[in-house]
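J.: Here's my sequence, what's the structure:
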Amino acid sequence: MRVDGAGAERAGVSRTGGGAEARRPGRRGVLLAALGGGAVVLGGGVGAAVVEDVLPGGVRLRRALGLTGPDGTVPDVAPGPVHTVTERSRARGGAVRLVTMAPPGHDPARLPVCLALHGRGADARTLVTLGMPQFLAAAVRAGVPPFVVAAVDGGDATYWHRRRGGGDPQAMLLHEVPGWLRARGLGRSTAGEPQAVLGISMGGSGALQYALGRRGAVDAVAALSPAVFRTWPDAATTGGYDGEADWRAHEPLLALGRPHGRRLGVWCGTEDPFCDAARVLADRGGAVERHFPRGEHTDGFWRRVMPDAFAFVGRSLAAARR
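T.: I've put the predicted structure just below:
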């Protein structure tokens, strides 16, 4: 998945779980040597202080050295049913793909639905490639209450809201997706309305906007590396907004006083350019789960935290139905 925003890419974020850094032979060794003795220096003194953020420069150094935590892996389990259909969206002005994923051994019609919103440069099928069907199967096998995941194409850099000349993905989620799910026998107890939403990067912003559009009537919002912005100059680098007024109308960080879901969880790596803004979201948004481990804005990080995020969604949905 592509990093959201030119500013993030200029910060040196890898797109694919840190692989870009790993393919540069010798870089880590050169940097360690430049620090004067490599790991020995990093084990104590100034080097360790920088790496652990006691002194400035720790984030940049950890990125350069690859000290950003391990990549997660897709569970080695058989996934449940995955179905892909094409729908005609009036809100988006064209054809979109709807992908549904169910855990094995359960009747999807009896399960609550969680929307999954992709990041910039991705689409609904990207979430299948990320391993969501396997993560769902593994979570349910481990005892997480079962649910269905539904993903839909939201566009490249729409930031999941109405764009000038680019359709309205949020209207699609609010007004079209429930009917599509009902037509497939999903979400029966809620007339097709998803009761949770999970978003990655740009999709994290979309998930928060969706919860706001539902006036908080969703049981769980899981935001993974959410692409949210504290200032317009930061947001302007993405090309995801039609000017400052558009950003102000749709930026979740500017609407934290409004209902945005019954339970909020936030996951973001400390080496992710969005980390500071994600901390603001967690603190001021009243997140009941917040996790900020070492990690970058990559598939590898999202795979690492996906088990926790799915457990959060499943347990939140089950708790709301007791």
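J.: Helices of the stretch 101-250 of the chain, start to end?
T.: 124-130, 132-141, 169-171, 177-183, 202-213, 232-236, 244-250 (DSSP state H, counting those that start in this stretch).
J.: Contacts for the fourth one, please.
T.: For helix 177-183, contacts defined as C-beta atoms under 8 Å, 6 or more residues apart in numbering pick out 85, 87, 98, 100, 113, 115, 150, 152, 187-188, 191-194. From N, CA and C alone the C-beta is placed, and that goes for glycine too.
J.: Of those residues, which is the nearest to His297?
T.: Minimum distance to His297 across these is 21.2 Å, recorded for Leu115 (C-beta to C-beta).
J.: how about stretch 279-298: buried residues?
T.: Arg279, Leu281, Ala282, Gly285, Ala287, Glu289, Arg290, His291, Gly295, Glu296, His297, Thr298 (16 or more other C-beta atoms under 10 Å).
J.: Now do the end-to-end distance for it.
T.: End-to-end span of stretch 279-298 (C-alpha to C-alpha, to the nearest Å): 18 Å.
J.: and it, average pLDDT?
T.: Mean per-residue pLDDT for stretch 279-298: 97.
J.: Tell me which other helices or strands the host helix or strand of Thr84 touches.
T.: If you go by DSSP states H and E, Thr84 is part of strand 82-89. Helices and strands touching strand 82-89, by 3 or more C-beta pairs under 8 Å, 6 or more residues apart in numbering; DSSP states H and E, are strand 94-101, helix 124-130.
J.: closest to Arg248 out of these?
T.: Of the helices and strands packed on strand 82-89, nearest to Arg248 by C-beta to C-beta is strand 94-101, at 27.3 Å.
J.: average pLDDT across that closest one?
T.: Mean predicted confidence for strand 94-101 is 98.
J.: Pull up the pairing partners for it, direction included.
T.: strand 82-89 (antiparallel), strand 148-152 (antiparallel) (DSSP bridges).
J.: follow-up on the earlier one: would you mind putting the helices and strands packed on strand 82-89 into JSON lines with mean neighbour count and distance to Arg315 alongside?
T.: Formatted as JSON lines, the helices and strands packed on strand 82-89 follow (neighbours: other C-beta atoms under 10 Å; distance: least, C-beta to C-beta, whole Å):
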{"stretch": "strand 94-101", "mean neighbour count": "19", "distance to Arg315": "18"}
{"stretch": "helix 124-130", "mean neighbour count": "19", "distance to Arg315": "21"}
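J.: want to try a markdown table for these, with distance to Glu244 as columns?
T.: Output for those, formatted as a markdown table (distance: least, C-beta to C-beta, whole Å):
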| stretch | distance to Glu244 |
| --- | --- |
| strand 94-101 | 28 |
| helix 124-130 | 30 |
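J.: So which of these is nearest Arg60?
T.: Going by C-beta to C-beta, the one of the helices and strands packed on strand 82-89 nearest Arg60 is helix 124-130, 26.9 Å.
J.: how about low-confidence regions in the stretch 51-200 of the chain?
T.: Low-confidence segments of the stretch 51-200 of the chain (pLDDT under 70): 51-57.
J.: Spatially nearest residue to Pro226 (excluding sequence neighbours)?
T.: Spatial nearest neighbour of Pro226, excluding adjacent residues (C-beta to C-beta, 6 or more residues apart in numbering): Gly204 at 2.8 Å.
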